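Colleague: With the sequence up front, the predicted model follows.
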Amino acid sequence: MYEHDVIVVGAGGAGLRAAIGAHEAGADVAMVTKLHPVRSHTGAAEGGINAALREGDDWELHAYDTMKGSDYLGDAPAIETLAQDAPEDTITLEHWGMPFSREDDGTVSQRPFGGLSFPRTTYAGAETGHHLLHTMYEQVVKRGIQVYDEWYVMNLAVTDEPDPNDRTCHGVVAYDVQSGTVEGFKANQGVILATGGPGQAFDHTTNAVSCTGDGNAMAYRAGVPMEDMEFVQFHPTTLPSTGVLISEGVRGEGGILYNEGGERFMFEHGYANNDGELASRDVVSRAELTEVNNGRGIEDEYVHLDMRHLGSERILDRLENILHLAEDFEGVDGLVEPMPVKPGQHYEMGGIETDENGATCIDGLYAAGECACVSVHGANRLGGNALPELIVFGKRAGRHAAGDDLGEAEIETGYSEGVEEEDMELPITPGEAGIAETGATDTEDVAADGSGQLSDPDGVLDRTITEERERVEYLMEKDDGIQHAEIRAKLQKAMTEDVNVFRTEAGLKRALKTIRECREAYRDVYVDDPSRTFNTDLQMTIETRNLIDVAETITLGALVRNEFRGAHWRQEKQERDDENWLKHTLVSWNGGKPSIWYRPVILEGENKTYEPKVRSY
Amino acid sequence: MSTQQQEPDTDAETEPEEPESQEVPADQEMSGLASPQQQRLQRKHDGMAEREREAAEDDLEGDSVHIKVFRYDPEVEGKQEPRFDDFHVPFERGMTVLDAVIYARDEFDSSLTFRHSCRQAICGSDAFFVNGRQRLGCKTQISELDQPVRIEPLPHQEVVKDLVVDMDHFYDQMHAVEPYFQDEDTPDSADLEEQRQSPENREKIKMSSRCIWCGACMSSCNIAAGDNEYLGPAAINKAYKFAMDDRESEEIKEHRLRIVEQEHGVWRCQTQFSCTEVCPKDIPLTEHIQELKREAVKKNLKFW
Ligand SMILES: Cc1cc2nc3c(=O)[nH]c(=O)nc-3n(C[C@H](O)[C@H](O)[C@H](O)COP(=O)(O)OP(=O)(O)OC[C@H]3O[C@@H](n4cnc5c(N)ncnc54)[C@H](O)[C@@H]3O)c2cc1C
Ligand code: SF4
Ligand code: FES
């Protein structure tokens, strides 16, 4: 067993910043991560980091833009914290040597970005995320922070009181990917989840193969509600064969979208008569899919993004990295032919419910980064707002876990009596499907009847270690059944078909049924690779279980929210409904019997109350 | 087990070795010569690569691709002796080497093991030895390769299993150059005051800052193969990034030069350019090493 004050799970931008934060606050902190830190998906971010640094700009403008972008579903205390802390935390990165792009006077450059009222996006070439990730990893090396890399975290060691708000997290259980050994990591002060997004719930995504929502699923099953999971951002220009992102830059420079007949459909079919290709991400994504669905797509799958008319000089000067992406990942030369593009899953706005200090309703359990929902992005994330979220809330979570006093949080967490509950009749029973048979006895099974309660940290950890060892044994010893790849493919396909940019009641119900079938199938899952050494078959089998749970929360949220807000569109009601829906959707696991409830959004800020306005640009 | 003893690959794809030379090549960034990246674009411009690939893709359309993948597992009977497994994977337009091994794993053999994550040449996980050359799986179009496509783990590194190699030594070398900003004397960040850096200086370190720690360069380097303590191209390049960054003081720069000009540092490099050729990020590694040698000479640091 390993023991530290603070354990950070995940070493992307959020995890690295959390570890540094905890270290600054004097804690003995360690990181446990399934990928080596520099392999984390934060490295893929291109665009930039929003921070109000200059005269003429201030945190209140940044907060206002973010609230408006969120379609009034972000909580003001979270948004204002982001806007207030981002400038200092961004400058800190500069002091750590991050190679930001520069102005002639040597100051950090800033550029305009969609939805921002001031050019406040700092960036480092077209590789902002890469530099952010590497710069922070360098600081982790400098501080001698212990990193357990290629250790896969399987579960949290959480006490089992009936009410999740009374529970405490004492550590995690992980296995060493290289050797297959399952070990406990005891955390004396706190565990911080920074496991990134769950993009792999979809079969077409800009997210890495490692983005499997592990942290979300573990926190969910331990009793932390999942918040606003239905809000999934789709990016309109991703390469069809891989999902690699072609940035907005191409359209910003004048790139044009054509359908199969060579029509400039954004105008010719009236999707956005003013902004055309530059309309917001969700509008363009829906337009593309409508074209394809109406038989005007190319190979019934995609549309063309053409930049040839810009001329090779301009393309080479401003969009060179796009040429490489199209060439390397799609085999297309953007100078001589149009690039195929289609919408792809890009970002999960929802996540593990936390307050502005990163704390969840379970004592000692924190979350930060894309896996968390504080909520700053609400129904729609603005470009350049995720990276500042990583550093601002990563740092806060690290400091708070290490015992720094950050003041009382304004955001409430956890289920409480008297909240509004959803009682919609569902087409299936969500939740547990005898998954306990795979050896994974969930703590809630015990908690449900209140028996066998354990509260001493070592006991809780030992029990979790035993359970997880049994789970691995079971999966490895079973020698026939179904393999994870089949279940995962079925799940991803269903999500892309029915929980995409177009959502209908019938489609969402269909998806819930398929998810249910995936759960049933998973009861028979087995790991074929008999080796303990670097068994990715085992790892992906466990990840698939997590994807099922996460996909279900996304779909449940999408089904109950009958309105069109931000990234969430519903055929039955194609407008925002402030009267009924200025509230967060929360899904609680309840020991395997999920329930859905709501909490009002907080629009009261420090100096003003944000009034919902029509989101038009 | 190590792939070090692998028979030399006779693949025609291996590029002819650059003549060994102690000449200091002209610094591209300074002299304005075409960088490998620009050359590549130029070639594309001429439509060459394009026509070649299109012809190759047309040939492959509807066909399957034959890959031969290195297999080894210290624990599993039948895999303890390294062997090659053949897979035939249906070809799709745009298919990369990584796509092909993913397909083989998901459809034929779930125990086929390799690292991968981003699928877009940024996480640096999937450097393999493909047809006799270090390449990133996700960045290599399969239609450009001769078949059967031989996919092996990186040479000169311990194989953990199948295509997975032990990266610890590589990480140790990266850490050995003190790869972090050392100036403690920065302005107070609460005042939002940044350190100034000229756009030119930023440009100077740009290429060196693109490294994704894939290990391809180290694996291609003969010197690193013979001298386990040699820092290797990636680590020296990392040191270059810091040494050339004007934000750090002269004193620290000197300290950095001392680290790289030690016995197993820059002077080991024999300018064979193999690292520069395989680097998927087109970093002019050899030139960076040469420039550090010149800097060390200028600073009158001790010669080895
Ligand atoms: C292509 C692309 C471009 C983007 N561009 C921008 C941009 O320009 N600006 C912006 O603000 N945002 C951008 N985003 C969004 C932003 O990059 C991400 O939201 C953010 O990087 C997520 O960071 P993270 O630290 O939360 O997670 P990640 O960086 O994904 O890190 C997750 C970490 O958790 C670890 N982990 C996961 N599961 C486990 C487990 N079970 N056990 C142990 N470890 C685990 C992984 O190893 C990894 O280290 C972009 C996203 C994409 C995909
Ligand atoms: S220098 Fe190039 S080849 Fe070497 S590790 Fe970095 S990216 Fe890979
Ligand atoms: S999969 Fe990330 S570099 Fe190839």
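Modeller: Arrived safely, thanks for sending. Ligands and ions are numbered 1, 2, ... in the order given.
Colleague: Let me see the ranges of the helices in the stretch 151-300 of chain A.
Modeller: Under the criterion DSSP state H, counting those that start in this stretch, the stretch 151-300 of chain A carries helices at the ranges A:214-222, A:249-252, A:265-268, A:281-293.
Colleague: just those helices: most buried one?
Modeller: Ranked by mean neighbour count, the helices of the stretch 151-300 of chain A are led by helix A:214-222 with a mean of 28 (mean count of other C-beta atoms under 10 Å in any protein chain shown). For every residue, glycine as well, the C-beta is placed using N, CA and C.
Colleague: So what touches that one?
Modeller: A:9-10, A:34, A:153-156, A:158, A:164, A:167, A:169, A:193-196, A:198, A:226, A:351-352, A:360, A:362, A:365, A:367, A:371, A:442-444, A:543, A:545-547, A:549-550, A:553, A:587, A:589 (C-beta atoms under 8 Å, 6 or more residues apart in numbering or on different chains).
Colleague: mean confidence for that helix?
Modeller: If you average the pLDDT over helix A:214-222, you get 98.
Colleague: Out of the helices of the stretch 151-300 of chain A, which gets nearest to ligand 2?
Modeller: Nearest to ligand 2, of all those, is helix A:249-252, at 23.3 Å by C-beta to the nearest ligand atom.
Colleague: re the thing from before, is it possible to get a markdown table of the helices of the stretch 151-300 of chain A that adds distance to ligand 2?
Modeller: A markdown table is the format used below for the helices of the stretch 151-300 of chain A (distance: least, C-beta to the nearest ligand atom, whole Å):
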| stretch | distance to ligand 2 |
| --- | --- |
| helix A:214-222 | 27 |
| helix A:249-252 | 23 |
| helix A:265-268 | 38 |
| helix A:281-293 | 31 |
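Colleague: tell me, which of these is the model least confident about?
Modeller: The bottom spot among the helices of the stretch 151-300 of chain A, by mean pLDDT, belongs to helix A:249-252, with a mean of 85.
Colleague: any idea how far that helix is from the chain center?
Modeller: Mean-position distance between helix A:249-252 and its chain equals 24 Å (C-alpha atoms, centre = their mean, to the nearest Å).
Colleague: try stretch A:97-107
Modeller: 30 Å.
Colleague: That stretch near ligand 1 at all?
Modeller: No: legend: contact between stretch A:97-107 and ligand 1 by C-beta under 6 Å from any ligand atom is lacking; minimum distance shown is 13.1 Å.
Colleague: who's in contact with that stretch?
Modeller: Taking C-beta under 8 Å, 6+ apart as the rule, stretch A:97-107 contacts A:93-94, A:108-109, A:122-125, A:131-132, A:135, A:138, B:180-181, B:194, B:196-199, B:202, B:205-206, B:209, B:242, B:245, B:247-248.
Colleague: and those, which of them are in helices?
Modeller: A:93-94, A:131-132, A:135, A:138, B:199, B:202, B:205-206, B:242 (DSSP state H).
Colleague: Quick check: the farthest pair among those residues?
Modeller: Maximum pairwise distance among the ones in helices among the contacts of stretch A:97-107 (C-beta to C-beta): 22.4 Å, between A:E138 and B:P199.
Colleague: Looking at those two, which has the bigger crowd around it?
Modeller: A:E138 (23 against 14; other C-beta atoms under 10 Å in any protein chain shown).
Colleague: Setting aside sequence neighbours, what's the nearest residue to the more buried one?
Modeller: Setting aside the residues directly before and after it, A:E138 is nearest to B:Y180 in space (C-beta to C-beta, 6 or more residues apart in numbering or on different chains), at 3.9 Å.
Colleague: gap between the residue nearest to B:Q120 when sequence neighbours are not counted and A:E543?
Modeller: Distances taken as C-beta to C-beta, 6+ apart place A:V244 nearest to B:Q120, at 4.7 Å, with adjacent residues excluded. Applying C-beta to C-beta, to the nearest Å, the value for A:V244 to A:E543 is 21 Å.
Colleague: Filter the contacts of stretch A:97-107 down to the buried ones.
Modeller: A:93-94, A:108-109, A:122-125, A:131-132, A:135, A:138, B:180-181, B:194, B:197, B:202, B:205-206, B:209, B:242, B:245, B:247-248 (16 or more other C-beta atoms under 10 Å in any protein chain shown).
Colleague: Sketch out the strands for the stretch 1-150 of chain A, chain order is fine.
Modeller: Assigned by DSSP state E, counting those that start in this stretch, the stretch 1-150 of chain A shows strands spanning A:2-9, A:29-33, A:49-50, A:110-111, A:121-122, A:146-149.
Colleague: Take these and write them to JSON lines, including mean pLDDT.
Modeller: Output for these, formatted as JSON lines (pLDDT from 0 to 100):
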{"stretch": "strand A:2-9", "mean pLDDT": "98"}
{"stretch": "strand A:29-33", "mean pLDDT": "98"}
{"stretch": "strand A:49-50", "mean pLDDT": "96"}
{"stretch": "strand A:110-111", "mean pLDDT": "90"}
{"stretch": "strand A:121-122", "mean pLDDT": "94"}
{"stretch": "strand A:146-149", "mean pLDDT": "98"}
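Colleague: Can you check which of those gets nearest to chain B?
Modeller: Closest approach to chain B among the strands of the stretch 1-150 of chain A (C-beta to the nearest C-beta): strand A:146-149, 8.6 Å.
Colleague: What lies in contact with that closest one?
Modeller: Contacts of strand A:146-149 (C-beta under 8 Å, 6+ apart): A:2, A:4, A:11, A:29-33, A:35-37, A:140, A:174, A:176, A:185.
Colleague: Most neighbours among those, which one?
Modeller: Among the contacts of strand A:146-149, A:A11 has the most neighbours (other C-beta under 10 Å), with 32 neighbours.
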